[in-house]
Structures are given as C-alpha cells and as structure tokens.
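Asker: Whatever this is, show me its structure:
(one chain, ligands or ions: 1)
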Amino acid sequence: MKKIHLLVNLKSGSNRGEKALEQIKTILKNEKMNYDIHISNYPGQLVPIATKVANEISSGNEYVIVVGGDGSLNQALNGVKNSEQPTTPLGYFPAGTGNDFARAAKLETDPLKLIKHLKNNPTVTKVDCGKYHDLINGETRYFVNNLGIGFDAYVVNKTNHSKLKTKFNKINIGNLAYGINIVQALKGQDNFKVKVSTNGHSYYYEHAYLVTTNNHPYFGGGVPILPIASIHNHQLDIAIVEKPNLVKFIYLFSKLLINRSHMKSKQFHYFESSVIEVKTDDPEYGQLDGEELSKRKFHLKFEVDHFDLLQ
Ligand SMILES: Nc1ncnc2c1ncn2[C@@H]1O[C@H](COP(=O)(O)OP(=O)(O)OP(=O)(O)O)[C@@H](O)[C@H]1O
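Answerer: Predicted coordinates:
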C-alpha cells in the first residue's frame, strides 16, 4: 500500500501551511491512504527531517511531499541530497507566499487533484536545480529558485528583521512588508563591483545593483526577470542589473512588468550556462530561495544539478 510522508512547515505563507495540512489530511483519510506527518518547528529543521525520512524509505511505494513555501522546499531538497538516498523523489504542495518554484514547474495547486494523481498515476520527472560551492567558506548548497546578491537580498533581509512583517502576517498581509522594504532598498542598497565568469570569459561590472542566478524565470513572487530560463534546459541563468540612477532603474523594472523588454536594456546583462562563477569585492546582502544569507563577500561557483520531482 502506498504511504505518504508529509514534511510540513505550518508557518509558511502566513500559516497557509497549517491550512493546507488540514485539507490534505482530510483528503488522505477520505482516500484511505496511509500517511505520517513530520512537523518542522524552526527554520532549517526540514533539512535533517528530510535526510532522516529519505534514509528510512525502503520501497518505491513511499512518497515524500513537502508542504510549505520555496524556503521549505529548499531545505527538504538539501536534506534529501545529503541523505543516503539522494535521488529520493520529492513531491511538493505550494503553501508559501511567493511559490515561484511551483509557478515555474506548473505544479498542481488543488490538494484533491494532487493526492488523487499520486494515488492513481504518480509520475517522476528529472528537473534542474541549482548548486553552489562557496569558494570562501567551503559550503555547498542546492536551490530551487535562485541565489540573489544585492537589491532582492536587501529586501529579504530587511523584511525578515522587520517587526511589521510579524504584525502584517497576523492579519494575512505579510506581502505588504515586502512592498515597504522595496522602497527602503531603493534608497539603502548601493551599487557594487562584481566579476562574472562563464563560458571561458570573465566580465566586470562596476555598478551592479542586483545579481541573481536563477533556475527558472521568476523571482520575488512571480516577477519574470529571466524569461528564457527553464527547469528543463540543464542550464542556469544569471542576470546582472546595473543601476546608473534611480529613474533608469525604475524605468527598467516597469519594462519588465509591462512587456518583458527589459532584457534588451543596456543596464541588463545575462548569461546562460551550466557553470557560472560570481565574485564580489565587498560584503553584500544575499538570499537563497527567499532565506537570507549573512552579509558577506561572495565568491561562488554555480553548477546546474537536478532532482526527481514527484507529480
Ligand atoms: N523548517 C522550518 N520550520 C518551521 N518554520 C520555518 C522553517 N523554515 C522557515 N520557517 C519559517 O516559515 C516562514 C517561511 O517559510 P517558507 O519560506 O517555506 O514560506 P514563505 O516564505 O511563506 O513562502 P515563499 O518562499 O514561497 O514566498 C518564515 O516565518 C520562517 O521563519
């Protein structure tokens, strides 16, 4: 008999995780499916939980489903990759705020359809994820969406530390805290120097404002910054956005939102490759799948990797 292991972050998406779990439990009971639940209690705990669950899986009839946001999926992926069974397929029910990976992978958002599909006709697809090796501290981690340095990371950092987010989350308007911090970031984030090496060439940018290495088109909850990127092309895509001045930067962003013509702008640079190296001269904010990285100098080697996505 099929068994489902639910790995859950109740707090994701301003407690959407909790509501999703209730719905999924009801459906699993109605469908008479065997399941167990692993609740994660603090940021990062889904990594060891996923490692343990993956280590203990003993048959092809056991399925792992993550319920949470992009950050939760990131932790579960890292946990599985670190396990003794790193090719364990991962299912995912998006219950976050941005849900960019689910958007890129066109995942099912109806819990009833998801469970029925897993019961009757589960499929496993090999999809891309990103992997980076930190050449300064030796760390290696995987990501499903992106690793951003500069503007977007500033917004993530300030929002995570803002008292407003906690207050707004209580009344389900957590996204507004991001909006307020975007305005703050436009004032607070400075340009920085970055070196990007790919396909045998190195490129130097003096006025980088945002450097994001993506596994798919989206960042920040549905903003298609790299429309050419795909989780199926075995490549990563990097965008380097320069900010000569605020007016030009806002103009560039409006092009992105209106007709995606931002890619032709002279402040926008991008590359597609399976290996990309990025180096900053000074400490900058960083974010990985929406979770902040400490402010630091970055010297990262990115490579495309893959995982088995259960649908
Ligand atoms: N493993 C975890 N266990 C419990 N809480 C967590 C865990 N990881 C993160 N959190 C908390 O959950 C929230 C974020 O979760 P997550 O990144 O999954 O969703 P999100 O940010 O709402 O969604 P998205 O990344 O799709 O925008 C934050 O409040 C964070 O402190």
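
Asker: Alongside the ligand, which residues does the chain contribute?
Answerer: Residues of the chain lying near the ligand by Cβ under 6 Å from any ligand atom: 9, 11-13, 40-46, 68-72, 75, 96-99, 290. Quick note: C-beta positions are derived from backbone N, CA and C, even for glycine.

Asker: mind listing what Lys116 touches?
Answerer: Contacts for Lys116 (Cβ atoms under 8 Å, 6 or more residues apart in numbering) come out as Glu31.

Asker: Let me know the secondary structure of it.
Answerer: helix (DSSP: H, G, I helix; E, B strand; the rest coil).

Asker: Phe302: what's it in contact with?
Answerer: Per Cβ under 8 Å, 6+ apart, neighbours of Phe302: 130-132, 147, 213, 236, 238, 275-278.

Asker: Leaving out the residues flanking it, which one is nearest to it?
Answerer: Once flanking residues are discounted, Phe302 sits nearest to Ile276: 4.5 Å by Cβ to Cβ, 6 or more residues apart in numbering.

Asker: likewise Gln45?
Answerer: Closest to Gln45 by Cβ to Cβ, 6+ apart is Gln75, at 7.7 Å.

Asker: count of residues packed around that neighbour?
Answerer: 26 (other Cβ atoms under 10 Å).

Asker: longest strand of this structure?
Answerer: In the chain, with assignment by DSSP state E, the single longest strand is strand 201-214.

Asker: what helices or strands is the helix or strand just after it leaning on?
Answerer: The helix or strand immediately downstream of strand 201-214 is strand 218-219, counting by DSSP states H and E. In terms of contacts (3 or more Cβ pairs under 8 Å, 6 or more residues apart in numbering; DSSP states H and E), strand 218-219 is packed against helix 100-105.

Asker: what's in contact with the helix it packs on?
Answerer: Outside helix 100-105, the residues that touch it by Cβ under 8 Å, 6+ apart are 70, 73, 92, 94, 107, 109, 127, 144-145, 215-222, 230-231, 289, 309.

Asker: Leu114 is in contact with Ala95, isn't it?
Answerer: No - taking contacts as Cβ atoms under 8 Å, Leu114 lies outside contact range of Ala95: 11.6 Å.
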